[in-house]
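after the sequence you'll find the predicted model.
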Amino acid sequence: MAMPRPSPLLGGASSSAAPGRVTMRMFHGDVSLGEAEVFPIKPGPEGTLPFPSNEIRISHLSPASERCPPLSILQTIAPFSVRCKLQAKTLPLNPSLHRLYLTCFNEYKSAVVVVGDEELHLVAMPSKVEKVPCFWCCSVRAGLYASSVGMLNLRCLAIVFDLDETLIVANTMRSFESRIENLSHRMDVEDDPGRVAGMSAEIKRYIEDRELLKEFIDTDTVTDNGRIVGTQKEEVQPIGTQERLLRPVIRLPERNAILTRINPEIRDTSVFVKLRPAWEDLRSYLTAKGRKRFEVYVCTMAERDYALEIWRLLDPEANLISLNNISERVVCVKAGSKKSLQHVFKNGGCHPKMAMVIDDRLQVWDEKDQPRVHVVPAYAPYYAPQAEMANAVPVLCVARNVACNIRGGFFRLVERVITIRSMHSDDTILTALIFFFVLMKKREFDENLLKKVFELLYENELLDLPYAPDVGDYLVCEDTNFVPTNKDPAPIPEGMSGAEVEKRLNGRAHQVDQKQISSSTRLSDDVRVTTRGNLAGSNVQSNGGSLPITPLLFVTVLQEIGRLCNSKVEFRSTVSSTGKSTQFSVEVLFSNEKVGSGTGKTREEAQVQAAEKALQNLQSNYLSFVAPMAGVLNKDTSKSPGGGNGFLEDDIDSDGDTSMKEPSGSTLIVDRLSSVISLLRELCVEDQHVVFRDEVQNPGSAINEEYHFQVELAGQILGIGIGANKDFAKLQAAEEALRFLKTTTDPQIKKHLRPIRYFFWNLSSIALSL
């Protein structure tokens, strides 16, 4: 249901003439709508009016929106694009223009003027002054508005998938042979027996699958564990002018593999495809219960026929991308070029800020799109076959959860179970903390943009528009690209992408100097981390090698917690030398309180370890903080047990004893009062006194009248309670004090609160309210 809106014409005298206005004739098609006065938003040359021939010719009305007013859609896909304001001339008022205005206002439509490849949307605005129809004119790329209306009404975003090494790994006979040859040469010069054994096992896996592919090429069958499996002719629906095809395909679900032939007439185009584990889970989430959560796109550097066939294997029933859309939604980029969301959505299907990307590499994307990329570890089933299952949550399940949280953050529709589960996982509490950062942002579509748009009037200025959400606001940076050490050679990257494969096979890819990585990721309190790290921070051992992932995200999260708590997070390091070795020690201080420490051979290693320990300590403290609150239900406050920290006192004067030692009233009120008092204790620093003050000077008067209590912190009143029962009045005052503390931005108040406890309180309050 839409939010209530002001009446379109609130009345009042017409405003006086403004400088720079121009009178233009308006048309809907060929029907005259009378004249309108047009006011540029910006003065001078920047305020040039966008209408050609000094007339406003409306070609059509936009699609009706069910829940989003046009201005909220335009602010999302074309922020601050208001070009000018229009208002009908007072006399004579054309009834056709008035009907057009009411139609647009009541049905959430806009009147569209097409100028080249641009659309000018006239948005009907309520006015507190004018009695005539008033509009704001916003510009947007042609076609983008129409596609965005449906997505925003359905609370739907876009998701863009890479293929090779992200969702699948594919090989032809030629690529199999090249990989085997490359590994054999490396074995010849390798002295370490462990690494030789690892490469030998990798070669064996390549050979096993190569033999299956060779058998498929020669006989259209494969022998899998002594069982002969024949091909199935799968029909490929024609795309565009393409003719209908029947492809020979063998599916081996036990191996999570598929054999197919790109060109059914040419056997050398046969491909052995390994699907990444948990793809079915991710696909099921995208199509669950027939509810569209994401519009799906593909962007790859692979050849087009190959890309279309791989996607057909991944989405055989065309549930993610319909056959009508497949040709424009599978986008192939020339190898070596940058991928960009602008190119993916060149036909106006979506705005980049409403899209997230799942890819195994960050740097292949245009820099402005990189904040919207969720980077997954490259799929390496031959080099590290157990890597996918080494973590409790498979890579694509993590991607699914990330997508769910992004959509939830963008539209503020996150399910409580996801938050609670992430808070109480066995891993560090990073997911919950990161998600909390999302919730702390004041740029959500539903709770910020929609609400404020409904309050805007014609007389408002451009700067009164609220900021719109961006997927990049809700995605934590994490680059899981492989970084080899000096001793462990990188696995041969998988996939099929033309010249790029040849470059990788020659060993030029991923050869990054470890010292350069360390220096480029060094952190300071005022520098944002651009290198991304894996949440788990673990290494996957396989074949005598390692797959290290730098967990610098731990440091980033700690600094973000400090920023949200208005507290400084410091990393203090010391160096000690014993003989030939040097040991670095780092302590993490949160508002001068030690919360973690770590040691390592480098300062960065010690810093990361200290940050991880600090987060683990925060997790333990958080769970201790929220555990006693599990049975307390209260919509207004979050409860916490008293921990003996801080002070909470009654002000006892000669006129009456307001001590809480012997509370009266119902058990429920007493229990709730105790919980609220305990929480206030937890929030306050130890040298500050929260005081309950009885404002009824004559205690006898309270018998037949009311009790008046107020809560004070450092002399400032936080809450007032009134009631016939002493405990009830105290509870009212205490709960009002908590509500005040939760929303206050007063630095004089916040300096009396314990930053970490204040952070825990906000986190638990948000979780329990979802």
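Thanks, I have the structure now.

going forward, measure contacts between C-alpha atoms and count neighbours the same way
Noted.

I'd guess Ala380 is in a strand, am I close?
No. With DSSP: H, G, I helix; E, B strand; the rest coil as the criterion, Ala380 is coil rather than part of a strand.

hang on, isn't it packed against Glu165?
Yes. Assessed by Cα atoms under 8 Å, Ala380 is found in contact with Glu165 at 7.1 Å.

for the residue nearest to Ile239 when sequence neighbours are not counted, pull up the helix or strand it's in.
Using Cα to Cα, 6 or more residues apart in numbering and skipping the chain neighbours, the partner closest in space to Ile239 is Ser327 (6.8 Å). Here Ser327, judged by DSSP states H and E, is contained in helix 326-329.

so what secondary structure elements neighbour that helix?
When contacts are defined as 3 or more Cα pairs under 8 Å, 6 or more residues apart in numbering; DSSP states H and E, helix 326-329 packs onto strand 294-300.

which helix or strand lies directly C-terminal to the strand it packs on?
helix 304-314.

return that following helix as CSV; C-alpha atoms alone will do.
C-alpha atoms of helix 304-314 as CSV (Å, rounded to 0.1, in the frame of the first residue of the first chain):
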residue,chain,number,x,y,z
ARG,A,304,29.6,-16.2,-28.0
ASP,A,305,28.4,-19.6,-29.2
TYR,A,306,30.4,-21.2,-26.3
ALA,A,307,28.9,-18.7,-23.8
LEU,A,308,25.3,-19.4,-25.0
GLU,A,309,25.8,-23.2,-24.7
ILE,A,310,27.4,-23.0,-21.2
TRP,A,311,24.5,-20.8,-20.0
ARG,A,312,22.0,-23.3,-21.5
LEU,A,313,23.7,-26.0,-19.5
LEU,A,314,23.4,-23.9,-16.3
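
just to revisit the earlier point, so for the residue nearest to Ile239, what's the pLDDT?
Note for Ser327: predicted pLDDT of 90.

what's the neighbour count on it?
Neighbours of Ser327 under the rule other Cα atoms under 10 Å: 14.

which stretches of the stretch 351-500 of the chain have low pLDDT?
391-392, 412-447, 476-500 (pLDDT under 70).

at 50 what do you get?
Along the stretch 351-500 of the chain, the model assigns pLDDT under 50 to residues 413-432, 434-443, 477-500.

helices of that one, residue ranges please.
Ranges of helices within the stretch 351-500 of the chain are 387-390, 395-411, 416-423, 430-440, 451-455, 499-505, based on DSSP state H, counting those that start in this stretch.

can you list contacts of the helix holding Ser327?
Contact partners of helix 326-329, identified using Cα atoms under 8 Å, 6 or more residues apart in numbering, comprise Ile239, Gly240, Val296, Tyr297, Val298, Ile321, Val344.

can I get these in TSV including distance to Leu680?
Output for the contacts of helix 326-329, formatted as TSV (distance: Cα to Cα, whole Å):
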residue	distance to Leu680
Ile239	65
Gly240	67
Val296	48
Tyr297	50
Val298	51
Ile321	53
Val344	52
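
just the buried subset of the residues you listed, please.
Val296, Tyr297, Val298, Ile321, Val344 (16 or more other Cα atoms under 10 Å).

quick one: the residue nearest to Ile239 from Glu37, how far?
45 Å (Cα to Cα, to the nearest Å).

do the same with Ser175
68 Å.

Gly194 - how many residues pack around it?
13.

what about it, helix or strand, and which?
Going by DSSP H and E, Gly194 is part of helix 193-219.

could you do Thr574 as well?
Per DSSP H and E: strand 569-578 holds Thr574.

quick one, whatever helix or strand comes next after that strand and strand 569-578 angle?
Once strand 569-578 ends, the next helix or strand along the chain (criterion: DSSP H and E) is strand 581-590. Here the directions of strand 581-590 and strand 569-578 differ by 160 degrees (axes from the mean of the first three to the mean of the last three Cα atoms, to 10 degrees).

just the CA coordinates for the helix or strand just after strand 581-590, please, in PDB.
Note on strand 581-590: by DSSP H and E, the next helix or strand toward the C-terminus is strand 593-600. Extracted in PDB, the C-alpha atoms of strand 593-600 (Å, rounded to 0.1, in the frame of the first residue of the first chain):
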ATOM      1  CA  GLU A 593      40.700  -0.500  25.800                       C
ATOM      2  CA  LYS A 594      42.700  -3.500  24.600                       C
ATOM      3  CA  VAL A 595      40.400  -5.900  22.700                       C
ATOM      4  CA  GLY A 596      42.900  -8.100  20.800                       C
ATOM      5  CA  SER A 597      46.600  -8.800  20.100                       C
ATOM      6  CA  GLY A 598      48.600 -10.800  17.500                       C
ATOM      7  CA  THR A 599      52.200 -11.700  16.500                       C
ATOM      8  CA  GLY A 600      53.800 -12.400  13.200                       C
END
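
cheers, nothing more for now.
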